[in-house]
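Engineer: what follows is a predicted structure for the sequence shown.
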Amino acid sequence: MSVKLITLVVLSFFIAIFFLFNGPDYLTISTLQTNKALLLETVEQYYGLSIVLAMLIYILVVALSLPGASVLSLAVGFVFGLWLGWLLLLVSATIGAVLVFLLIRYFFYDWAKAKIDKLTIAQKITTEFEQHSFNYLLFLRLVPLFPFWLVNLTMAFTSIKTSEYALGTFLGIMPGSFVFANLGSSLADIKSLDQVFSPQMLLALVLLGLLMLSPIFISHFKRSRSKG
């Protein structure tokens with residue numbers, strides 16, 4: 001049995017388990033709020049094990065592009081607090097994103113390429129990324145308007161190095177992860193995920209993302225001046 005086939009079977013198994021046991025029903029704000037006392041009690045009893053399990057679950061959710069990552073982010077912030085929660089989110093999300101990147105690039109390239117070719121926005125991203133890939137990655141990670149799974153998917157079709165992709169992801173998700181970890185501490189007041197990013201917060205992240213693109217703007221400006 002080939003490594004690719006084994007990998008596919010293992011991934012399919014985890015995805016099937018997630019939906020077979022109604023995973024999406026557990027990863028909702030209402031379910032989280034209902035069981036918050038139990039969560040805190042469990043974490044207090046098994047603190048070290050809880051950290052490991054939380055990271056493993058989060059990595060799997062990101063790596064398999066399963067629904068509920070946003071709610072899971074709030075849960076991590078709630079049970080582990082702002083600073084540890086933020087660190088766990090950063091590390092887990094980065095590992096999960098790198099796993100997706102490697103799986104697609106080395107195992108499911110042809111299948112994923114067929115899917116990506118149908119998405120116009122993904123085609124534009126991969127074309128633009130051939131130059132200044134690190135700056136574009138920072139922009140896409142900073143601005144929470146681009147689906148996390150879509151950025152994970154499209155990056156595998158660019159020439160960006162794995163180390164640059166990991167670093168760009170880690171740095172780019174810092175602000176968003178901090179927001180989720182911080183809001184997790186006020187879980188009782190959250191009614192919807194729409195409350196996570198206010199218009200002011202979105203504007204700030206967009207401006208920060210545009211700042212990451214400034215080397216590209218400068219490069220294009222210099223090029224146009226030299227041609228003129």
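Structural biologist: Thanks, I have it.
Engineer: and stretch 168-177, what's buried?
Structural biologist: Neighbour-count burial for stretch 168-177 flags 168-173, 175-177 (criterion: 16 or more other CB atoms under 10 Å). C-beta here means a position set from N, CA and C on the backbone, and glycine is covered the same way.
Engineer: what's downstream of the worst-scoring helix or strand of the chain on mean pLDDT, the next helix or strand?
Structural biologist: Within the chain, confidence by mean pLDDT, DSSP states H and E is lowest for helix 120-128 among all helices and strands, at a mean of 60. If you walk from helix 120-128 toward the C-terminus, the next helix or strand you reach (DSSP states H and E) is helix 133-142.
Engineer: now, which of the buried residues of stretch 168-177 sits nearest Leu99?
Structural biologist: Proximity of those to Leu99 (CB to CB) peaks at Thr169, which lies at 11.3 Å.
Engineer: what helix or strand is that closest one located in?
Structural biologist: helix 162-172.
Engineer: quick one: contacts for the residue nearest to the spatial centre of the chain?
Structural biologist: Among the residues of the chain, the one closest to the centroid is Phe148, at 4.4 Å (CA atoms, centre = their mean). Taking CB atoms under 8 Å, 6 or more residues apart in numbering, we find Phe148 in contact with 62, 69, 93, 97.
Engineer: how does it look with 7 Å?
Structural biologist: Ala69 (CB atoms under 7 Å, 6 or more residues apart in numbering).
Engineer: quick one: pLDDT of it?
Structural biologist: Phe148 carries a pLDDT value of 82.
Engineer: please determine how far Ser185 is located from Ser30.
Structural biologist: Distance, Ser185 to Ser30, by CB to CB, to the nearest Å: 18 Å.
Engineer: settle it for me: which of these two has more neighbours?
Structural biologist: Comparing Ser185 with Ser30 by other CB atoms under 10 Å, the one with more neighbours is Ser185, at 16 against 10.
Engineer: alright, calling it a day.
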